[in-house]
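Visitor: I'd like to go over a predicted model; first the sequence, then the structure.
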Amino acid sequence: MTCAMGILILAAVPSTAGAVHPHNASTSYSCRSAYLGRPSLPVAVTGNTPTSVSTPFAEVSMSGFQVSVTIPASAVDKAMSKGATAVTATVRMIDINASDARVKTMNVTNTPITVGPITLVTGQAVVVTVPASPTTTGTSAAKKTGTMTFTTGNAIIFLSFSSAGSTTLACKATPPAVISTTMIT
């Protein structure tokens, strides 16, 4: 799971207040792992940016940012077949992409975020949510007037299974999902 969970650094800080444009996005992360193979992980992302800001080159941040990644029951069962009884997830990277931004991709996890240990149960998926409470990301500078579109990017997640080893999941959003948009006027 390439899902580094941290604090997204895409925040909308308008010079004139615009209405908040809340959005929930769903997609899947297509991952690679020597331990778990190539799992597909359902992902839900929440984040809010202003509907519009009236200053070109505005700094835009996202409030209410949070990501939930589901480790499917099939991956849990595979880990349990190797002796695992619990998993600790460390999200090392979660990228958010922004169109029309000076920096197109931002890792929203400033520092790795660890969740767990979470007890594994045969036949049940595990949901890892980071950060634990919704947060406001850093800012992304608009490059020009137009629409900034914020989408899901890549992720890196390190999984440590009790008594059964560990693995790093390198994941790509397939397809990228729109989290939010902000019009720069």
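Guide: That came through, no problem. Numbering: from 1, shown residues only.
Visitor: mind listing the helices for the chain?
Guide: With DSSP state H as the criterion, the chain has helices at 73-81.
Visitor: what's the angle from the longest strand along it to helix 73-81?
Guide: If you go by DSSP state E, the chain has its longest strand at strand 146-161. In terms of direction (axes from the mean of the first three to the mean of the last three Cα atoms, to 10 degrees), strand 146-161 departs from helix 73-81 by 30 degrees.
Visitor: tell me which other helices or strands strand 146-161 touches.
Guide: When contacts are defined as 3 or more Cβ pairs under 8 Å, 6 or more residues apart in numbering; DSSP states H and E, strand 146-161 packs onto strand 20-32, strand 40-50, strand 63-71, strand 86-98, strand 165-173, strand 178-184. Glycine gets a C-beta too; all of them are placed from N, C-alpha and C.
Visitor: between those, which one is closest to residue 127.
Guide: Minimum separation from residue 127 across those (Cβ to Cβ) falls at strand 63-71, 5.2 Å.
Visitor: if we go by neighbour counts, what in that closest one is buried?
Guide: Judged by neighbour count (16 or more other Cβ atoms under 10 Å), strand 63-71 contains these buried residues: 63-67, 69-71.
Visitor: looking at those, which one is closest to residue 152?
Guide: In terms of Cβ to Cβ, no member of these lies closer to residue 152 than residue 67, at 8.6 Å.
Visitor: residues contacting residue 146?
Guide: For residue 146, the contacting residues are 100, 183-184, by Cβ atoms under 8 Å, 6 or more residues apart in numbering.
Visitor: avg pLDDT for stretch 144-156?
Guide: What stretch 144-156 shows for mean pLDDT is 91.
Visitor: how far is that stretch from where the chain is centred?
Guide: On the basis of Cα atoms, centre = their mean, to the nearest Å, stretch 144-156 sits 12 Å off its chain's mean C-alpha point.
Visitor: for stretch 114-130, buried residues please.
Guide: Result for stretch 114-130 [16+ other Cβ under 10 Å]: buried residues 114-115, 120, 126, 128-130.
Visitor: out of those, who's nearest residue 81?
Guide: Out of these, the member with the shortest distance to residue 81 (by Cβ to Cβ) is residue 120, at 10.8 Å.
Visitor: from residue 75, how far out is the closest one?
Guide: 10 Å (Cβ to Cβ, to the nearest Å).
Visitor: same check, this time on residue 141
Guide: Counting by Cβ to Cβ, the gap from residue 141 to residue 75 is 38 Å.
Visitor: can you list contacts of stretch 114-121?
Guide: 5, 76, 79-80, 84-91, 126, 128-130, 132, 161-162.
Visitor: of the residues you listed, grab the buried ones for PyMOL.
Guide: Provided next is the PyMOL selection string for whichever of the contacts of stretch 114-121 are buried by 16+ other Cβ under 10 Å:
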select buried, resi 5+76+79+80+84+86+87+88+89+90+91+126+128+129+130+161+162
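Visitor: count of residues packed around residue 48?
Guide: 22 (other Cβ atoms under 10 Å).
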